[in-house]
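Chemist: mind folding the following:
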Amino acid sequence: MATQSQYYQHHVFFCLNQREPGADRPCCANCNAQAMQEYAKQKVKQLGLAGPGKVRVNKAGCLDRCEQGPVVVIYPEGTWYTYIDETDIDEIVEKHLAQGEIVERLLID
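Modeler: You can find the predicted model right below:
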């Protein structure tokens, strides 16, 4: 069976799910996820990491890990992170996406 080369070196998905007020579960949208996704996208572009064969930062609906959120997952590795602010996003972009290093302190199981 032939294999296809991947279009992106890293494909990054930010959960932006918004639940109804009073929902039984938390949601990533209430944790500034939209702003952090936009920040990550700009940071990736700023560092020259964006584009085919490089990195793509996307929005996602519910990734079903909101209790550990906000969450971001990076493929093809399937590495799951949480984050608080721009400092955490900087570390994920600079270490994981630019240098290929896992950011252990932000990993979720």
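Chemist: who's in contact with stretch 77-91?
Modeler: By CB atoms under 8 Å, 6 or more residues apart in numbering, the residues outside stretch 77-91 that reach it are 10, 32, 36, 39-40, 43, 65, 68-74, 92, 96, 102-103, 106-109. Quick note: C-beta positions are derived from backbone N, CA and C, even for glycine.
Chemist: what's the answer for stretch 24-32, then?
Modeler: Contacts of stretch 24-32 (CB under 8 Å, 6+ apart): 14-19, 62-63, 66-67, 69-71, 85.
Chemist: filter the contacts of stretch 77-91 down to the buried ones, PyMOL style.
Modeler: The PyMOL selection below is limited to those of the contacts of stretch 77-91 classed as buried (16 or more other CB atoms under 10 Å):
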select buried, resi 10+36+39+40+43+65+69+70+71+72+73+74+92+96+103+106
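Chemist: just say helix, strand or coil for the residue nearest to the spatial centre of the chain.
Modeler: The central residue of the chain, meaning the one whose C-alpha is nearest the mean C-alpha position (CA atoms, centre = their mean), is Val72 at 3.1 Å. Following DSSP: H, G, I helix; E, B strand; the rest coil, we place Val72 in the strand state.
Chemist: and it, how far from Ile108?
Modeler: 10 Å (CB to CB, to the nearest Å).
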